[in-house]
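1. Here's my sequence, what's the structure:
(chains A, B and C)
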Amino acid sequence: MTINYILQQLVNGLALGSIYALLAIGLTMVYGILRLINFAHGDLMMLGAYVSSIFISATVVPILLAVLIPTLLIAVMGLIVERTAYKPLRGAPEVAMLITSLGVSRLIQNSTVLALSPQPRAFSLPGDLTKTVNVGGIRFTQLDVLTFLLVIVLMVLLTLYINRSKTGMAMRASSENLQAARLIGINVNWAIGAAFVLGSALAGTAGFLWASRYGIIDPFMGFLPGVKAFVAAVIGGIGSIRGAVVGGVLLGVAEIGFVGFLPPEFSGYRDAFVFSLLLIVLLVRPNGLFGASEVERA
Amino acid sequence: MLEIRNLSVAYGKIVAVSDLSLTVNEGEIVTVVGGNGAGKTTTLRTVSGVLKPRAGEILFKGQSIVGLPPEAIVTRGISHSPEGRMIFGRLTITENLKLGAYNRKDAAGVKSDMERMFGMFPVLEQRKSQRAGTLSGGEQQMLAIARSLMSRPTLLLLDEPSLGLAPLLVEKIFDVVVELRNEGVTILLVEQNANEALRISDRAYVLETGTVTVEGPSTELINDPKLRAAYLGLD
Amino acid sequence: MKSTIARKTVVLLGGLVLLVVLLGVADATLNNYYLRILQLIGIYIVLTASLNLTNGFTGDFSLGHAAFMAIGGYTSALLTMPLAARALQLAELPVWFQEFVSPFPLATVLGGILAALVALPVGLVVLRLRGHYLAVATLGLLIIVKSIASNWEPVTRGARGLSGLNAETNLWWAFGWAVITIFVVWRMVHSPFGRSMIAVRDDSVAAASRGVHVFRIRLVAFIMSAFFGGVGGALLAHQLTAITPPTYSFDLTFLIVIMLVIGGSGSVTGSVIGAIIMTILPVILRDLERRFELPGVSQIIIAAALIAFMIFRRQGLMGNRELHPSTWFMKKPATPASVDAPQQ
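-> Down below sits the predicted model:
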């Protein structure tokens, strides 16, 4: 095993981890405020991938649009989901919200089946994006570079927004104590809407990145990455954006490492590995790496 | 200014407040006393719009505010400093204050009010960019009051401001309450510390199992030996 | 009071006789297609009523029921597989195993027991969590079990699965187990143990302070639920006569969850009603879907119905109430004390 191989795996792991991080941010923001695991989050990523595929196939359109348009459309989609399915459940037991989000997930998947087809379809990037660049024996594609850049830029923007803007402040306050936020007159529905819009936008971006990486899309592609991203958010500490990013990257690197460094007969246990990690984290450090303890939230 | 008529509130099947009527006139400090579970906090939360009444009417400046969302009620001039303070511990002190002014559009006014709060509570200014969770209990209570003042309320709902504070700080908090009234803020005060609260208030209500059992001028209540023993838990 | 009990017994026995007669008539008259649907109803009653122990009564929302079904399904399939099929499919297993064929009833019970045995250590781990975390952890269990089923070639044959099982599951087994499950769950819920379960669900801190062994109650419920999950998995495998990893998917767990919440996750009779409705409705919808060539529509309708239920009738059709057939014949119908749906 050469150092180059190890670095190569690291690059691959970082690329996958970046996508998990994008998804985990949305999940952690929503969970932080509403205590809702949005099982439909991964399905929004799937929709993003489909929207993106429309623009990718028409090669004239610059690649930026293939990223930007799904990002915007899925942001709107996320808000629609929130307002129609989740808002009527404010104050309901968390299990009711959980079941609803499972229902929404199914609804999105099967609406895609109905509107398009259950069959997978190819998602092929313009040639120069997948062209590999060899830097000291490690192969990068332009897509890898684009992924890293995009993820870094988006995280910086998001962090600035959350930390500096009035809405960001309201989101943080709502996440810490929703009751108090309502009581002092913060429009919590606005804050919740903002969490969905921002999180879903990132899921839309992730849709493009995921589809570009794996080259194939289908209506059911989003569910498992969505749940894994929740695992990432838990590892990082639920409610914390920094935690979501670190958790996502760690999970991506760990997952690729599991496949890349163990004998091939283990690679089928990749998903099992991810969830075993979740169980270990939940038992050993239930608040994750950066999580606020439930005591601090009270 | 505030008129609550025949209010009933329930959590599921548990009735917390039933047929409660209460009035607060402009410029008054009105105290509500009563034991745990008497419905004091529930009443305040219903006025704030966080809870919906099952029956009854709440009028503020002559207009019904039942059914309005909390943010609309804040905009109309009612502000709530909740029991347990409920400051945002992971946000800075400045951020907590800014959130108190969440619904205001006049940036300059907010800024000058912030200065005013810092004048009133100098300790907050010294630590303004620290996380509010690092403040002591008394400082957190000051922050909670300051935060609720940031919306420029005409009616302030104060829920147990002296809870868990050392006697010296209790004095300080009650001084602030009086000072606020002198500045023209009407105050509805819920307190366990009945003696102290009655001393500074104009009128008072005694609540028992969700309804008003005694009402009258504070001086009368405080001097009524029967009341002192039965309701106020004083010797 | 005594006559009430006697009357209840009579009604219960009468109901059982009626069920037997109806099943006999169905068995004799219906074609295979309808018989299979009826069998499925019985199997899903087993699964829903048992999931109710955790998700409904102790309030531990598990998404892992299909994992226990898979364990029961594979175990029983390995035990009953005819020798000829075994020689072809399981050549790598030890010789003694090649020669031992278990009768179906024994295999079903053993499938349930193995599922329960797995549930013990799993429960010790995941039941330290509650709420959403428990849901995701049990979903993780399902994914782990599925990974094992897909990759443990010598035993499960991976993606190819096990096939050539005898079609042992008939109406009698399906409904026999359904009756046993309902009986056991009913007795559990209407015992001091059951009251403890409900106390744990409604307020575990208060329950603990009253001396209820909260963790033990939850663990027992989890293990019992897993046992019947395993039994249901065995029944399903021997209806399909084959078993592959995708059978025990998240879709299956989700379907059972829907049955439970639509019926009312706090009601045993609700589980029965939910299982019946949600077995028949998808069949009808899939039929329409094929006829009008609208793929996905049946799932869309079911998902939308589920969301609507959560918004407008969260407690399901039955809520916490029970249908007491025995009370229908009395002068004054005894309304069971209804408790408000659990607050979070």
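2. Phi first, then psi, for the residue of the stretch 1-150 of chain C found nearest chain B.
-> Residue of the stretch 1-150 of chain C nearest chain B, by CB to the nearest CB: C:Gly59 (16.6 Å). Yep, even glycine has a C-beta here, placed from its N, CA and C like the rest. For C:Gly59, the backbone dihedrals (degrees, to the nearest 10) come out as phi 80, psi 20.
3. residues near residue 71, how many?
-> Picked chain A for this. 23 (other CB atoms under 10 Å in any protein chain shown).
4. Chain C was what I was after
-> Around C:Ile71 there are 28 other residues, counting by other CB under 10 Å.
5. swap in C:Glu153?
-> C:Glu153, neighbours per other CB under 10 Å, totals 13.
6. on that earlier part again, from chain A, how far out is the closest residue to the residue of the stretch 1-150 of chain C closest to chain B other than its chain neighbours?
-> Excluding its sequence neighbours, the residue lying closest to C:Gly59 (CB to CB, 6 or more residues apart in numbering or on different chains) is C:Arg201, at 3.3 Å. Shown here: C:Arg201 relative to chain A, a distance of 11 Å by CB to the nearest CB, to the nearest Å.
7. so C:Arg201 touches C:Thr54, yeah?
-> No - using CB atoms under 8 Å, C:Arg201 is not in contact with C:Thr54, being 9.9 Å away.
8. Neighbour count for these two, which is higher?
-> C:Thr54 (31 against 21).
9. Low-confidence ranges, the chain, go.
-> Using chain A. Scanning chain A for pLDDT under 70 picks out the ranges A:1, A:58-61, A:127, A:291-298.
10. not quite, I wanted chain C
-> Scanning chain C for pLDDT under 70 picks out C:1-4, C:324-344.
11. on that earlier part again, next, the contact list for the residue of the stretch 1-150 of chain C closest to chain B, please.
-> A:95, C:200-202, C:342 (CB atoms under 8 Å, 6 or more residues apart in numbering or on different chains).
12. farthest pair in these?
-> Farthest pair in those (CB to CB) is A:Val95 and C:Val200. Separation: 14.7 Å.
13. of these two, who's got more company?
-> A direct count of neighbours by other CB under 10 Å for A:Val95 and C:Val200 places C:Val200 higher, at 25 against 21.
14. Any figure for the gap between the more buried one and chain B?
-> 19 Å.
15. quick one on the thing from earlier: give me the phi and psi for the residue nearest to C:Gly59.
-> phi -60, psi -50.
16. Kindly report the same for C:Met318.
-> phi -100, psi -20.
17. surely it meets C:Ser265?
-> No - using CB under 8 Å, C:Met318 and C:Ser265 do not qualify as a contacting pair, with a distance of 9.1 Å.
18. which one of these two has more residues nearby?
-> Remark: of C:Met318 and C:Ser265, C:Ser265 carries more neighbours, 31 against 21, as counted by other CB under 10 Å.
19. who touches the closest residue to that one other than its chain neighbours in this structure?
-> In this structure, C:Ser265 finds its nearest non-sequential neighbour in C:Gly56, 3.6 Å apart by CB to CB, 6+ apart. With contacts defined as CB under 8 Å, 6+ apart, C:Gly56 is in contact with C:260, C:265-267, C:271.
20. now the strands: where do they sit in chain B?
-> In chain B, the strands defined using DSSP state E lie at B:2-11, B:14-24, B:29-33, B:55-60, B:63-64, B:78-81, B:155-159, B:186-190, B:203-208, B:211-217.
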